[in-house]
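A.B. asks: coords below, sequence missing:
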């Protein structure tokens, strides 16, 4: 089974693709879709959606795993992040992927064993678990792989 | 120019299509996309996105007008509404529509002349301006026509 991890946004969207067979995880690809931040939000969402469409068509994942929104103090930021999540979920859903969301703490716990792990610990574990030479860059790509790994570890419990 | 007004959501999405030529507005169609609320959010967003795609292909609007999110007390509701907005904006953008957002007060003022108008006053004006025999049902359809009318009234000032 191929899992597409997505770290959503409206400027930069991380993606990470892994293959999960039994207990074995294999890295397929990772990267970030970078929209032009000078463009209006709707143009960025359209660009991000088109790029996600290409990634889904190329790799044919069956599940998309997406981080739940972090509810910060700035409501406008939360609204914007949620719009980005809506765009990512929509592209996965219209391509018939199942979509599963995980809280940041759940992802940290599934990847490092600790729900309170620091971001750098999560990234270090992503590098080890994916057998990579370096931590994926930008951070969004590593974060997307982390949510895909969490999905693989938890899928037997949580799958829709 | 054909304007698609959208009242976004993750269960029921209102849509209203109008033709704007000079100062003349003509009603084309209105209705609501109703997702099955027993389905998970991602399945509903996928369904809503597919239906919006059909409406856009059928009527070929050049602009989508969408209400800005109302920031309520319940952050989870705001997140969900924003995800629905993200889905609607994405479908408009990938179909090359321009997307323009209006605050609830701007819509009320553009339709009734009063930013503090009651919902029922807005709906009554929608019926009159669109030359309809009754207020469109459900409310989401009337609200979507209202945002399309607001867009037509304001487009010379606000278009991207």
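C.D. replies: Received the coordinates, thanks. Bear in mind that the values here come from a model prediction, so they are computed numbers and not experimental data.
A.B. asks: who touches residue A:25 in this structure?
C.D. replies: Neighbouring residues of residue A:25 by CB atoms under 8 Å, 6 or more residues apart in numbering or on different chains: A:18-19, A:129-130, A:149, A:152. From N, CA and C alone the C-beta is placed, and that goes for glycine too.
A.B. asks: where exactly do the strands run in chain A?
C.D. replies: Taking DSSP state E, the strands of chain A run over residues A:2-7, A:12-21, A:24-34, A:63-67, A:98-102.
A.B. asks: which residues touch the fourth one?
C.D. replies: The one in question is strand A:63-67. So strand A:63-67 is contacted by A:1-8, A:85, A:88-89, A:92, A:97-104, A:107, A:143, A:147-148, A:150-151, A:155, A:159 (CB under 8 Å, 6+ apart).
A.B. asks: related to what we said a few turns ago, closest to residue B:36 out of the contacts of residue A:25?
C.D. replies: For those, the closest approach to residue B:36 (CB to CB) belongs to residue A:152, at 29.1 Å.
A.B. asks: Can you report how many residues neighbour the closest residue to residue A:34 other than its chain neighbours?
C.D. replies: With CB to CB, 6 or more residues apart in numbering or on different chains as the criterion, residue A:34 has its nearest non-adjacent residue at 5.3 Å, and that residue is residue A:12. Neighbour count of residue A:12, defined by other CB atoms under 10 Å in any protein chain shown: 19.
A.B. asks: could you measure residue A:12 against residue A:83, distance?
C.D. replies: Noted for residue A:12: a distance of 14 Å to residue A:83, by CB to CB, to the nearest Å.
A.B. asks: residue contacts, the residue nearest in space to the middle of chain A?
C.D. replies: Nearest to the geometric centre of chain A sits residue A:6, at 2.0 Å (CA atoms, centre = their mean). By CB under 8 Å, 6+ apart, the residues touching residue A:6 are A:13-15, A:52, A:64-67, A:88, A:92, A:144, A:147.
A.B. asks: I'd like to know which elements the lowest-mean-pLDDT helix or strand in chain A is packed against.
C.D. replies: Ranked by mean pLDDT, DSSP states H and E, the weakest helix or strand in chain A is helix A:139-158, scoring a mean of 88. Other helices and strands packing on helix A:139-158, by 3 or more CB pairs under 8 Å, 6 or more residues apart in numbering or on different chains; DSSP states H and E, are strand A:2-7, strand A:12-21, strand A:24-34, strand A:63-67, strand A:98-102, helix A:104-112, helix A:119-129.
A.B. asks: Give me the angle between it and helix A:104-112.
C.D. replies: 90 degrees (axes from the mean of the first three to the mean of the last three CA atoms, to 10 degrees).
A.B. asks: Up against chain B, what does chain A have?
C.D. replies: A:40-43, A:45-47, A:49-50, A:53, A:69, A:71, A:75, A:78-80, A:82-87, A:89-94, A:96, A:98-99, A:160 (CB under 8 Å from any CB of the partner chain).
A.B. asks: Give the buried subset of those as a PyMOL selection command.
C.D. replies: Only the buried entries of these go into this PyMOL selection, using 16 or more other CB atoms under 10 Å in any protein chain shown:
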select buried, chain A and resi 41+42+43+45+46+47+49+69+78+79+80+82+83+84+85+86+87+89+90+91+92+93+94+98+99
